[in-house]
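Asker: Based on what follows, work out the 3D shape:
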Amino acid sequence: MRIAIYGAGAIGGWLGMALARAGARVSFVARGATLDALRAQGLRCIRPDGTQEHAAVAAHDDPAALGPQDAVVLAVKAPALPDVAARIAPLLAPGTTVLTAMNGVPWWFLEGCSGPAHGRELAAVDPGGVLARAIP
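Answerer: Next comes the predicted model:
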């Protein structure tokens, strides 16, 4: 599987290591010092007992360089989502699974609900529906 992870922090890094260990082809969308470190050293996990694990991963600041993926993991903080929504399209194909690995209530929380919540959107989480349009 080709899996891109948006956000190489603690959660994105941990998931990336587990997925690489399981045989997935893992890539990261990153920037700045994190991008530089991933390119130079790959992904490294240091456990509390001092043991370490390493995985070679691709890392780019431009999602188009990675191309369509089988799955995309969103492991960013909520304020980064508008930028993700603006740039995620090159990673998505008709069968791409998008997994949100984030704290809080996601923009899609009410999707498919019936009763009083039917058709409602979470404007506080996704003003104007930008995320809902960009990320299936």
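
Asker: Return the backbone torsion pair for the closest residue to Pro106 other than its chain neighbours.
Answerer: By the measure of Cβ to Cβ, 6 or more residues apart in numbering, the closest residue to Pro106 outside its immediate chain neighbours is Thr100, 5.1 Å from it. To be clear about C-beta, it is placed using only N, CA and C from the backbone, and glycine gets the same treatment. When quoted as degrees, to the nearest 10, the phi and psi of Thr100 stand at phi -100, psi 120.

Asker: need the contact list for Gly67.
Answerer: Under the criterion of Cβ atoms under 8 Å, 6 or more residues apart in numbering, the neighbours of Gly67 are 90-91.

Asker: ok, back up a step: mind checking how far the residue nearest to Pro106 is from Leu74?
Answerer: As judged by Cβ to Cβ, to the nearest Å, Thr100 and Leu74 stand 5 Å apart.

Asker: quick one, strands of the protein?
Answerer: In the chain, strands defined by DSSP state E lie at 2-6, 25-29, 43-46, 52-55, 58-60, 71-74, 97-100, listed in chain order.

Asker: Adding distance to Gly115, mean pLDDT and mean neighbour count, write those strands out as CSV.
Answerer: Converted to CSV, those look like this (distance: least, Cβ to Cβ, whole Å; pLDDT from 0 to 100; neighbours: other Cβ atoms under 10 Å):
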stretch, distance to Gly115, mean pLDDT, mean neighbour count
strand 2-6, 33, 97, 24
strand 25-29, 37, 97, 23
strand 43-46, 44, 92, 15
strand 52-55, 45, 94, 13
strand 58-60, 43, 95, 19
strand 71-74, 28, 97, 22
strand 97-100, 24, 94, 14
